[in-house]
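Asker: sequence plus predicted model, see below.
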Amino acid sequence: MIIKRFSSVDELYAQAVATIVEAKQNGATTFGLATGGTMEPLYAKICKTDIDFSDCTSFNLDEYVGLEATHEQSYAYYMNKHLFHQKPFQASYLPNGLAADPLEEAARYEALLQQHSLDFQLLGIGQNGHIGFNEPGTPFDSLTHLVTLEESTRQANARFFSSIDEVPTHAYTMGIQSIMRAKCILLIAVGETKRDVLQRVLALDYTEDVPASALSKHPNVIILTDLQEEENKL
Ligand code: F6R
């Protein structure tokens, strides 16, 4: 794992854009994408560049169950709003939040992913170490699946909804194995709330209790953070 620390968040996102541009120049055409607060400044910066994804395919990590693509909190809506409206891909895939049969939908999405191998995967990280919606305890060999969201994750995401009751209880997520198949992974961890979990990931503490710790076995992971190293901490 390569870790790069930045004293300015702006420089961090500039580096993230540069990493994506470089991956594309080196031939990456299939991108795994994430949502969440961490990705918003990144997508805003990407939209200001002349990068062209019209020959590329994207796969999102996850989607809430029960939200239609036009719902403002669905990840389909998020992606259109923050990226796709200005930077369209040749094809963009997300799990269908309204699929009638959730298990079939998870299998369909995983099959699609396996048809197109991911060249590049973008990741944020949850305070409990989740990547995608793979909560602590998710097996490292998991494929795309349906998850029951942890209360802490629902609480963390409640800021995007008018009340906690509106936060869905279930979601689809690529599994840890689906993510680990990507050739290159870029993880962005911004802000003090991510300090403790990043410390565990960097300690190479390989445990299913911290889903992101799976990344320590991946040959090509870059972590960008604004968290500075502190004695006895990071
Ligand atoms: C979202 C996703 C999540 C987020 C994580 C961090 O597609 O996969 O794992 O990356 O919850 O969210 P923020 O960036 O809001 O702190």
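Answerer: That came through fine.
Asker: where does this protein have low pLDDT?
Answerer: Scanning the chain for pLDDT under 70 picks out 231-234.
Asker: so who does the residue in it positioned nearest to the ligand touch?
Answerer: Of the residues in the chain, the one nearest the ligand is Gly124, at a distance of 2.5 Å by Cβ to the nearest ligand atom. (Glycine included, C-beta is placed from N, CA and C.) By Cβ atoms under 8 Å, 6 or more residues apart in numbering, the contact set of Gly124 is Ala34, Gly36, Gly37, Thr38, Met39, Ile131, Leu187, Ile188, Ala189.
Asker: how about 10 Å then?
Answerer: Contact criterion Cβ atoms under 10 Å, 6 or more residues apart in numbering gives 34-39, 42, 61, 130-132, 187-190, 194, 212 as the residues in contact with Gly124.
Asker: which residue, other than its chain neighbours, is closest to it?
Answerer: Thr38 (4.1 Å; Cβ to Cβ, 6 or more residues apart in numbering).
Asker: any idea how far that neighbour is from Asp55?
Answerer: As defined by Cβ to Cβ, to the nearest Å, Thr38 lies at a distance of 26 Å from Asp55.
Asker: list phi and psi for Leu187.
Answerer: Reported as degrees, to the nearest 10, the phi and psi values for Leu187 are phi -110, psi 130.
Asker: I'd assumed Phe120 was in contact with it.
Answerer: No. In terms of Cβ atoms under 10 Å, Leu187 does not count as a neighbour of Phe120; the distance is 11.9 Å.
Asker: and the longest helix for this protein?
Answerer: If each helix of the chain is counted by residues according to DSSP state H, the longest one is helix 9-25.
Asker: next one: that helix to chain centre, how far?
Answerer: Shown here is helix 9-25, whose average C-alpha point lies 16 Å from the average C-alpha point of the whole chain (Cα atoms, centre = their mean, to the nearest Å).
Asker: contact partners of it?
Answerer: Looking at what lies outside helix 9-25 - Cβ under 10 Å, 6+ apart - the contacts are 4-6, 8, 28-29, 31, 38-46, 48-53, 55-56, 119-120, 122, 183-184, 186, 188-191, 222, 224-226.
Asker: type out the ChimeraX command that picks the buried ones from these.
Answerer: ChimeraX command restricting those to the buried ones, with burial defined by 16 or more other Cβ atoms under 10 Å:
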select :6,28,29,31,38,39,41,42,43,46,53,56,119,120,122,183,184,186,188,189,190,222,224,225,226
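Asker: the ligand next: which of the contacts of helix 9-25 are close?
Answerer: Filtering the contacts of helix 9-25 for proximity to the ligand by Cβ under 6 Å from any ligand atom leaves Thr38.
Asker: would you map the helices across this structure?
Answerer: With DSSP H as the criterion, the chain has helices spanning 9-25, 39-47, 75-79, 102-115, 151-157, 176-180, 195-202.
Asker: around the ligand, which positions in this structure sit nearby?
Answerer: By Cβ under 6 Å from any ligand atom, the part of the chain that sits against the ligand consists of 34-38, 61-62, 124-126, 130-132.
Asker: buried only: go through those residues for me.
Answerer: Using 16+ other Cβ under 10 Å as the burial test, the residues of the chain next to the ligand include Ala34, Thr35, Gly36, Thr38, Leu61, Asp62, Gly124, Ile125, Gly126, His130, Ile131, Gly132 as buried.
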